[in-house]
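Asks: need a 3D model of the following:
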Amino acid sequence: MANPTPHPDSDSPFSERERQAKRVFRERLEASTHPDKERFQNIFEAHLSRIASIQKALRAYPPVLQESKLGRRERGLGTLVELLANATDADFEMFLPMRAMLWRSLTMARLNFWRLLRYLSEEIEPDDTDLSIIIDRRVHACVYLKLVDELLTSLAMDDDIPRTIRHEVVASMTSLWDSTPSIAVQQFFPLLEAVWEARRKIMVSVGTMLGVSEIMKLLQAGCAPQFVDYFSRARMSNDEGSAFQEFLIGVTTEQITDLESFMQGSGLTCLSPEEAKQALGIDEPNDENYRIGVQAYQFHRERHLQSAARRLRSLPGPKHTAEEYMLMYFLEDFVDAPQDEQSPADAHA
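Replies: Numbers count the residues shown, from 1 in each chain. Below you'll find the model as predicted:
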């Protein structure tokens, strides 16, 4: 299986896989007999032009750490590590270099471009399942890239993590912002993509909250076995176990506790996902189009915000999401591994 990774800097803001998907869509659009075909073509080209403008602005800024001296001031990876460790969710963006902000804008522009193409494809080829699958993959690849940046951001702000790991975290972040993904990012991104893709495909049965059946479903859906192996370690902490349970069940530790109390009080031994959402008072939008890419992002973001709140307020429960714990473990091994074992993945896949 090819390893899809964040693509390196190039004249195009799109990866090779994205360029292939664009060609497929353009061919379908040109062959369409839809009465608004010409308008759709204009919209398509206009969005490409806007994305190219963001790419041009991004390339106008130097790499994050290139300009290291200003008078008596000096900055480098070490000073950035310490700066971000003292930041919080409330002020983190105030410390970001402009190139980081533009990179994030470009990622969102690409994500929204693919969502637009999903809407247009439903107009010109409503029964073309192959085209929908191609575009959905590009939507979620952008979502996962955004989430990897957020995983790194969360770890960068935790000064309880060993400095050597935070050093690798921030180096990985700057490599993304510079559009030159590091070897660590190239190796970790396909692993996380496989994990999130598998989790997106499985149907959760709340059951006894143990998540045993979900583990088997994850593996059957193509989840990276390293992820499951990590959370099967004998020395796993309680927080890691709770974070993994959150990932499997799809709700926070606090919500799992509420569901357990509800099931015990009502004498139930199992709840369907719909019953669990009703018990927790969770309402979801009925518009399926609204949820293109949103659900995958929301799945991690809600758990991340809750874990960040626990860190900030010293509350019980996992202080990171399962994916963040896995990334810490991966980077710890990566830092300790001999350089000849840190071979890059296929950066152009």
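
Asks: work out for me the element the residue positioned nearest the centre of the chain sits within.
Replies: Geometric centre of the chain, nearest residue: Leu147, 2.2 Å, by C-alpha atoms, centre = their mean. Assigned by DSSP states H and E, Leu147 belongs to helix 129-156.

Asks: could you point out which element follows that helix?
Replies: By DSSP H and E, the next helix or strand past helix 129-156 is helix 163-177.

Asks: list the buried residues for that next one?
Replies: By 16 or more other C-beta atoms under 10 Å, the buried positions in helix 163-177 come out as 165-177. No exception for glycine: its C-beta is placed from N, CA and C like everyone else's.

Asks: quick check: Gln245 vs Glu168, distance?
Replies: Noted for Gln245: a distance of 27 Å to Glu168, by C-beta to C-beta, to the nearest Å.

Asks: which ones are touching Ala322?
Replies: By C-beta atoms under 8 Å, 6 or more residues apart in numbering, the contact list for Ala322 reads Phe231, Glu240, Ala243, Phe244, Glu246, Phe247, Arg303.

Asks: over to Ser12?
Replies: Contacts of Ser12 (C-beta under 8 Å, 6+ apart): Arg19, Gln55.

Asks: try 10 Å
Replies: Listed by C-beta atoms under 10 Å, 6 or more residues apart in numbering, the contact set of Ser12 reads Glu18, Arg19, Lys22, Ile51, Ala52, Gln55.

Asks: returning to that earlier point: show me what the helix holding Leu147 is packed up against.
Replies: Here helix 129-156 touches helix 16-31, helix 77-85, helix 98-124, helix 163-177, helix 183-201, helix 294-313, helix 322-336, going by 3 or more C-beta pairs under 10 Å, 6 or more residues apart in numbering; DSSP states H and E.

Asks: need the ones you listed in a markdown table (columns: distance to Gly267).
Replies: Listed next are those as a markdown table, based on distance: least, C-beta to C-beta, whole Å:
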| stretch | distance to Gly267 |
| --- | --- |
| helix 16-31 | 51 |
| helix 77-85 | 48 |
| helix 98-124 | 44 |
| helix 163-177 | 46 |
| helix 183-201 | 30 |
| helix 294-313 | 28 |
| helix 322-336 | 31 |
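
Asks: and of these, who's closest to Arg59?
Replies: Closest approach to Arg59 among these (C-beta to C-beta): helix 98-124, 9.1 Å.

Asks: can you point out the buried residues in the closest one?
Replies: 99-100, 102-104, 106-107, 109-115, 117-118, 120-121, 124.

Asks: quick one: the nearest residue to Leu131 once chain neighbours are set aside from Asp333, how far?
Replies: Computed as C-beta to C-beta, 6 or more residues apart in numbering, the closest residue to Leu131 that is not its neighbour in sequence is Ser121, at 5.1 Å. From Ser121 over to Asp333 the distance is 41 Å, taken as C-beta to C-beta.

Asks: also Leu271?
Replies: Look at Leu271 and Asp333: by C-beta to C-beta, they are 37 Å apart.

Asks: circling back: buried set for the helix holding Leu147?
Replies: 131, 134-156.

Asks: redo the helices and strands packed on helix 129-156 as CSV? Include distance to Arg39 and mean pLDDT.
Replies: Shown next, in CSV, are these (distance: least, C-beta to C-beta, whole Å; pLDDT from 0 to 100):
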stretch, distance to Arg39, mean pLDDT
helix 16-31, 11, 96
helix 77-85, 45, 92
helix 98-124, 10, 96
helix 163-177, 35, 95
helix 183-201, 33, 92
helix 294-313, 26, 92
helix 322-336, 41, 89
